[in-house]
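Chemist: Using only what follows, build the 3D model:
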Amino acid sequence: MKLEHVLSDITVIGGGLAGVCAAVAAARLGQTVSFVNNRPVLGGNSSSEVRVWVCGATAHGTQRYARETGIMGEMFVENQYRNREGNPYLWDLVVLETVRAEKNIRLFLSTDVHEVEADGPEEDRIIHSVTGWMMGSERKIRFESNMFIDCTGDGLVGFLAGANYRIGREAKEEFNEEWAPETADDITLGSTLLFYTKEADRPVKYIPPSFAKDITQTTIPMKRVIRSGDSGCHYWWIEWGGELDTVHDNERIRDELWSVIYGIWDYIKNSGKFDADKMTLEWVGSIPGKREYRRFVGDYMLNQNDIIAQEPFEDRIAFGGWSIDLHPPQGMYSAESGSKHLYSDGIYHIPFRSIYSSNVRNMMFAGRDISATHVAFGTTRVMATCAVIGEAAGSGAALAVQKGITPRMLHRDYMQELQQIMLRQDASIIGIAGADPEDLAKSARVTASSTLERIAIESATYTHPLVKDIGILFPVHPMLESIELLVDVKQVTKLEVELWHTGKGENYVPKQLITTASAAVSASNKQWVKLDLHWQPASACNAFVVVKANEAITLYGSDEPLTGVLCFEKGPKSTVSTMLEDHQPDQPVAQWSMRKWNRRPICLKATPNTEAFAAGHVTDGYVRPFEGPHLWSSRKMSADEPEWIQLDWDSEKVIGAVHLTFNDDVNEDLINLHHHRTPFEAIPEVVRSYRIQALINEEWITIAAEQDNYKRKRVHIPDNKFMSRKIKLWIDGTNGGTRAEVAEIRVYAL
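Modeler: Residues are numbered from 1 along each chain as shown. Purely as a prediction, here's the structure:
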């Protein structure tokens, strides 16, 4: 058999979203990448072969301003534009094209890596090559690189290389984790198969196969939610194998899952309990979606306490926000709820030390096999979080290869450089500002055609009875004196509010009570009521105002959103059956729900004027909300006059590239498949049409122009560098937003 040799700077093994983002990140930073996947389709569990929703830090709208940016964010936005209906095959294309766009990547599909050449003592191993068999082509390929990234999920490459790893649950005492068992064991989360259904135009019969399980003889109908209209990830709870070996018993687990799926469909179609006469099976998965297997040991193991405390690691390189989401070992046959959830008060951080091996010097990893305890893994395992970790691993590997050092040395000596490189690429590292010394925009004066100076939502389009406490979040920069609310009042009463600080800059729930206020109101309709709330915080932050329930009062709301303003209602997180999900009711993010308030704020006026939307925010280093919106917003746009924002230098600069980052509302929850469908194909706030002009030889010259933009990050590199002391961005239109909004402008000579 002929053995082929492929040389590259970095080899990425595993084509899930973690591997995709790792390969793309490394390639964009100039490294050659061999990208190897053992299946014919990229995307891992999100692909058309498995069809799991790409969940992440937003936690289906539970966490605020939490959607991923960077490479994962690009794919979310692209899929939203192309594929709002959630066709899994079109999602495959979005992922594939993201990889194929990078000239530095050589993609090897259907190539199963099962040989690793590594040597060295146990505590200091090094990988020389990995070898795979390309199915269907009868090609045996040996991949040699300076760095290897294991994104296989199951951790096969690291295992074969002798990397330290764990399987199962740690004992409570090891990391003092409340949700860990008293005694360590080898139990993992199980695997799942999914299925799709569709409505036919005539009755369709169903004869179950001989191996279909009679689920009426199990606990499933009593302990799980079965509905005829559900399919796909609504049946995530068809899970089994947590008490087995999810790799070595994979086929046994698959057969059991098949028997249950066909049994559930028999129950739906033939029990007479459901309106399913015209329904038929459209698709049944054949590859179990694995949740857990090996977890590698890095220089740090992320644990439950880090998640809940939102530990701000100095070496943070990614973030998450999904709940710690653990399932009973018996899976679908358990008498317990299908899952239990514990949230942090906002997003949490993931350190670089958790994504490289403690004993294999040239191996990194990303995805569900990172260095985390079983409990912490309960949140880091979701795919969008795996993806942003992948981008960090690819970026770190690229920088380490460039410098000829190990990831451990990179952490020790070049951590800030890595973080700044990632921020330049629009990866999100929450709470760290971009401070690239090569960014010429940092030294420019910034002016704009107009600036939004008032937090005022006055266009009332609906009413809402004040039967529950309502929360209103908005930026305070630099101070707050009062708010006004638009209300109807049935009888003489008192309108009461509380002013809270949210605590951490990445949090959007009430944490510290600042003051209270009330106002006597008489019976009258559509009256603005003023409430004095004097507060001058030490620095810019968000205020969370709680409007106390009062059945005599009705609030007015608007269908016109205002960036930086969110509204909430206090009450149960969701109406999901407790047989299916077990949530902790006292958690702030569970208590305060924004789901039905998305883009529908309460009418509000805040005094005095604010600096939260000043033009200078485009160079302050933040490209997403943190202690405030961190963007420039114009006043309302006019159809006749475009808005503009301008950078001025004291002397001419060599201009070689202009980076623009628009506001794509990272509070908006996007999904790749069929969880929900947004009413728009492009985020409304994103600038659609714009021009970049430069003052060259005292004449304004257009150096770039776009008419149909829907993307967050755009980089414009002119054919030839030029000298200028003024750059102006003209904004002619948005994708539906009423204001021009820009998060960041960077300018580089190279």
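Chemist: residues in contact with the residue lying closest to residue 680 once chain neighbours are set aside?
Modeler: Spatial nearest neighbour of residue 680, chain neighbours left out: residue 736 (6.4 Å); criterion: CB to CB, 6 or more residues apart in numbering. C-beta: built from backbone N, CA, C; applies to glycine. Residue 736 sits next to 680, 682, 684, 685 when contact means CB atoms under 8 Å, 6 or more residues apart in numbering.
Chemist: For residue 736, report the pLDDT, please.
Modeler: pLDDT for residue 736: 97.
Chemist: secondary structure element for it?
Modeler: Assessed by DSSP states H and E, residue 736 sits outside every helix and strand.
Chemist: if I look at it, how far off is residue 633?
Modeler: 15 Å (CB to CB, to the nearest Å).
Chemist: cool, and residue 108?
Modeler: Distance from residue 108 to residue 633, by CB to CB: 46 Å.
Chemist: Over to residue 114?
Modeler: On the measure of CB to CB, residue 114 and residue 633 end up 54 Å apart.
Chemist: higher neighbour count, the two?
Modeler: residue 633 (28 against 12; other CB atoms under 10 Å).
Chemist: Okay, and that one sits in which element?
Modeler: With DSSP H and E as the criterion, the answer for residue 633 is strand 632-636.
Chemist: strand partners of that strand, parallel vs antiparallel please.
Modeler: In the sheet, strand 632-636 lines up against strand 739-748 (antiparallel) (DSSP bridges).
Chemist: Who wins on neighbours among the contacts of residue 736?
Modeler: Ranking these using other CB under 10 Å puts residue 685 first, with 24 neighbours.
Chemist: Which secondary structure element is home to that one?
Modeler: Using DSSP H and E, no helix or strand contains residue 685.
Chemist: what's the closest non-adjacent residue to it?
Modeler: residue 737 (4.1 Å).
Chemist: Could you pull up the contacting residues of that neighbour?
Modeler: Residues near residue 737 by CB under 8 Å, 6+ apart: 684, 685, 686.
Chemist: Next: residue 261.
Modeler: Counting by CB under 8 Å, 6+ apart, residue 261 has contacts 193, 195, 235, 238, 284.
Chemist: Give the burial count for the closest residue to the second one other than its chain neighbours, as a bare number.
Modeler: In space, not counting the residues next to it along the chain, residue 195 is nearest to residue 284; the distance is 4.5 Å by CB to CB, 6+ apart. By the criterion of other CB under 10 Å, residue 284 has 15 neighbours.
Chemist: My understanding was that residue 284 contacts residue 193; is that so?
Modeler: Yes - contact criterion CB atoms under 8 Å: residue 284 and residue 193 qualify, at 7.1 Å.
Chemist: any shared contact partners between those two?
Modeler: 258, 261.
Chemist: Mean pLDDT per element in this protein, and the minimum belongs to which helix or strand?
Modeler: Among the helices and strands of the chain, strand 581-583 carries the lowest confidence by mean pLDDT, DSSP states H and E, at a mean of 81.
Chemist: Starting from that strand, tell me the next helix or strand along the chain.
Modeler: helix 588-591.
Chemist: can you give me how far that next one is from the chain middle?
Modeler: Helix 588-591 has its C-alpha centroid displaced from the chain centroid by 19 Å (CA atoms, centre = their mean, to the nearest Å).
Chemist: re the thing from before, save the contacts of residue 736 as TSV, and put in distance to residue 611 too.
Modeler: Below are the contacts of residue 736 laid out as TSV (distance: CB to CB, whole Å):
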residue	distance to residue 611
680	30
682	29
684	24
685	20
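Chemist: Just give me the least confident of the residues you listed.
Modeler: Lowest confidence among those: residue 680, with 94.
Chemist: Show me where the stretch 301-450 of the chain has its strands.
Modeler: Secondary structure of the stretch 301-450 of the chain (DSSP state E, counting those that start in this stretch): strands at 316-320, 324-326, 339-342, 348-351, 363-365, 445-448.
Chemist: Let me know which of these is tucked in deepest.
Modeler: strand 363-365 (a mean of 31; mean count of other CB atoms under 10 Å).
Chemist: was I right about residue 176 contacting residue 305?
Modeler: Yes - using CB under 8 Å, residue 176 makes contact with residue 305 at a distance of 6.6 Å.
Chemist: Where do the helices of the protein begin and end?
Modeler: 17-28, 70-82, 88-100, 156-161, 172-175, 220-223, 250-270, 304-309, 374-380, 383-403, 407-413, 415-424, 588-591 (DSSP state H).
Chemist: which strands and helices sit next to the first one?
Modeler: Judged by 3 or more CB pairs under 8 Å, 6 or more residues apart in numbering; DSSP states H and E, helix 17-28 is in contact with strand 10-13, strand 33-36, helix 70-82, helix 88-100, strand 105-108, strand 147-150, helix 383-403.
Chemist: can you put these in JSON lines and add distance to residue 133, mean pLDDT and mean neighbour count?
Modeler: Shown next, in JSON lines, are these (distance: least, CB to CB, whole Å; pLDDT from 0 to 100; neighbours: other CB atoms under 10 Å):
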{"stretch": "strand 10-13", "distance to residue 133": "13", "mean pLDDT": "99", "mean neighbour count": "32"}
{"stretch": "strand 33-36", "distance to residue 133": "11", "mean pLDDT": "98", "mean neighbour count": "29"}
{"stretch": "helix 70-82", "distance to residue 133": "29", "mean pLDDT": "97", "mean neighbour count": "23"}
{"stretch": "helix 88-100", "distance to residue 133": "21", "mean pLDDT": "98", "mean neighbour count": "18"}
{"stretch": "strand 105-108", "distance to residue 133": "11", "mean pLDDT": "98", "mean neighbour count": "20"}
{"stretch": "strand 147-150", "distance to residue 133": "18", "mean pLDDT": "98", "mean neighbour count": "32"}
{"stretch": "helix 383-403", "distance to residue 133": "24", "mean pLDDT": "98", "mean neighbour count": "28"}
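Chemist: can those go into CSV with extra columns for distance to residue 584?
Modeler: Formatted as CSV, those follow (distance: least, CB to CB, whole Å):
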stretch, distance to residue 584
strand 10-13, 37
strand 33-36, 40
helix 70-82, 27
helix 88-100, 32
strand 105-108, 43
strand 147-150, 34
helix 383-403, 20
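Chemist: Distance check, residue 471 against residue 100.
Modeler: In this view, residue 471 and residue 100 are 45 Å apart by CB to CB.
Chemist: Output stretch 491-498 as PDB, restricted to C-alpha atoms.
Modeler: Extracted C-alpha coordinates of stretch 491-498, given in PDB (Å, rounded to 0.1, in the frame of the first residue of the first chain):
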ATOM      1  CA  GLN A 491     -57.000  54.400  40.400                       C
ATOM      2  CA  VAL A 492     -54.900  56.400  42.900                       C
ATOM      3  CA  THR A 493     -51.900  54.300  43.700                       C
ATOM      4  CA  LYS A 494     -48.100  54.400  44.000                       C
ATOM      5  CA  LEU A 495     -45.600  53.500  41.300                       C
ATOM      6  CA  GLU A 496     -42.500  52.000  42.900                       C
ATOM      7  CA  VAL A 497     -39.100  51.200  41.400                       C
ATOM      8  CA  GLU A 498     -35.800  49.800  42.600                       C
END
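Chemist: List of residues touching it?
Modeler: 483, 485, 487, 510, 513, 515-523, 529, 531, 533, 545-548, 550, 552-553.
Chemist: Just the buried ones from the residues you listed, in ChimeraX syntax?
Modeler: Buried residues among these (16 or more other CB atoms under 10 Å), as a ChimeraX selection:
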select :483,485,487,510,517,519,521,529,531,533,545,546,547,548,550,552,553
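Chemist: Out of the contacts of stretch 491-498, name the ones that lie in strands.
Modeler: 483, 485, 487, 513, 515-521, 529, 531, 533, 545-547, 553 (DSSP state E).
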